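In: A structural model of the following input is requested.
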Amino acid sequence: MADIVLTGCDGGNPLGFLAALGAFRVVSGVEKSAAMHWSKNGRWRAVLTLDRGADALVDAIFGDAEKWRKRPELELAYKKKDKADKVVRDLKAPPEEFRNFAGRSPKPPFSRDEFEAFVAAYGSDVIVDGQGNTKPTAFHFTAGQQQFLGMVIDLVNGLQREHLQEALFGPWKYESKLPILRWDVSGERLYALSAVDPARDKALGVPGADWLAFQALPLFPSFPVGQRLGTTGFVGRGKDIAFRWPMWIEKASLHAIKSLLMANTGEWRAAERKLRGIDLVFESKVRRSDRGYGVFAAPEVV
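Out: Numbers count the residues shown, from 1 in each chain. Take a look at the predicted model:
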């Protein structure tokens with residue numbers, strides 16, 4: 001097995017962290033002995049231990065992405081009560097629509113377990129927002145005319161192999177007009193600080209990174225916490241919410257990483273972190289404009 005350093009994925013950036021995790025989750029589906037850890041050489045870089053080389057890694061992820069153009073996980077679509085003629089592809093579906101979607105049984109070659117993992121990441125029909133719609137994951141940063149799943153569909157339909165090469169091995173050029181999911185700290189463009197509506201201001205991004213980050217969502221399921229919705233990795237509530245993520249320096253399997261992400265590593269003492277191979281924990285606060293657009297603030301070390 002060989003160690004492949006993902007020189008494009010900066011672990012100090014939520015998008016870089018999520019992109020590395022997404023790449024690892026995808027390749028772990030075909031390499032059960034795969035492992036991942038983080039190494040610091042100026043910046044935190046993900047290291048994947050695999051039976052294949054860098055080119056084969058990109059090929060495997062791109063081949064998986066091509067299958068997503070027909071995946072049932074992207075088929076959540078509904079109509080708004082006030083706009084019955086308009087189909088919406090977002091996560092804020094009426095609870096009964098989300099429930100019907102979650103109850104589907106995908107047929108081969110699609111996996112029921114994979115489908116359920118994404119549904120659990122999307123949100124929960126048990127918890128609703130102020131309009132009575134399904135409360136989505138804390139990673140839902142879109143608002144206004146933007147539709148989360150619609151953007152993901154556009155993203156995968158326009159995805160090219162070179163986009164994944166750029167995301168994994170860099171440098172990130174920010175030249176693509178494909179949709180961005182707003183998880184990059186360098187793209188903080190709050191509506192209150194912008195001269196134009198972010199929904200109309202076409203930002204340039206790194207589509208391979210956004211796609212890979214989307215692939216990491218099953219590692220961050222959402223769940224009811226009393227009368228509110230919690231999302232794995234997030235702490236706080238209301239407008240005071242932040243995303244925390246650890247940098248582990250020991251090789252770990254996908255199952256070990258899942259357990260680590262579900263633990264509140266930010267509350268562990270230094271000795272406890274060291275015992276479990278964690279060097280530090282980052283935190284980025286979530287900032288939202290008055291219209292609901294979200295961004296991650298610059299990360300800090302917990």
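In: List the contacts of residue 50.
Out: 1-2, 4, 27, 31, 34, 57 (Cβ atoms under 8 Å, 6 or more residues apart in numbering). Every residue, glycine included, has its C-beta placed from N, CA and C.
In: so it bridges to which residues?
Out: On the basis of DSSP bridges, residue 50 is bridged to residue 2.
In: From residue 106, how far out is it?
Out: From residue 50 over to residue 106 the distance is 27 Å, taken as Cβ to Cβ, to the nearest Å.
In: Same question for residue 136.
Out: 21 Å.
In: Between those two, which has more neighbouring residues?
Out: Between residue 136 and residue 106, counted using other Cβ atoms under 10 Å, residue 136 has the larger neighbour count: 24 against 16.
In: Thought residue 123 was touching the more buried one, still the case?
Out: Yes. Contact criterion Cβ atoms under 8 Å: residue 136 and residue 123 qualify, at 4.2 Å.
In: what do these two both touch?
Out: 91-92, 222, 229.
In: among those residues, which two are most distant?
Out: 92 and 222 (12.9 Å; Cβ to Cβ).
In: joint contacts of these two?
Out: With Cβ under 8 Å, 6+ apart as the test, residue 92 and residue 222 both reach 123, 135-136.
In: So for stretch 97-106, what gets flagged as buried?
Out: Neighbour counts using 16 or more other Cβ atoms under 10 Å place 97-98, 101-102, 104, 106 of stretch 97-106 among the buried residues.
In: List the ones among these that fall in helices.
Out: Members of these lying in helices (criterion: DSSP state H): 97-98, 101-102.
In: can you put those residues in JSON lines and add distance to residue 149 and pLDDT?
Out: Shown next, in JSON lines, are these (distance: Cβ to Cβ, whole Å; pLDDT from 0 to 100):
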{"residue": "97", "distance to residue 149": "13", "pLDDT": "96"}
{"residue": "98", "distance to residue 149": "12", "pLDDT": "97"}
{"residue": "101", "distance to residue 149": "11", "pLDDT": "97"}
{"residue": "102", "distance to residue 149": "14", "pLDDT": "96"}
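In: Residue 220 - nearest residue in space that isn't next to it in sequence?
Out: Once flanking residues are discounted, residue 220 sits nearest to residue 232: 4.3 Å by Cβ to Cβ, 6 or more residues apart in numbering.
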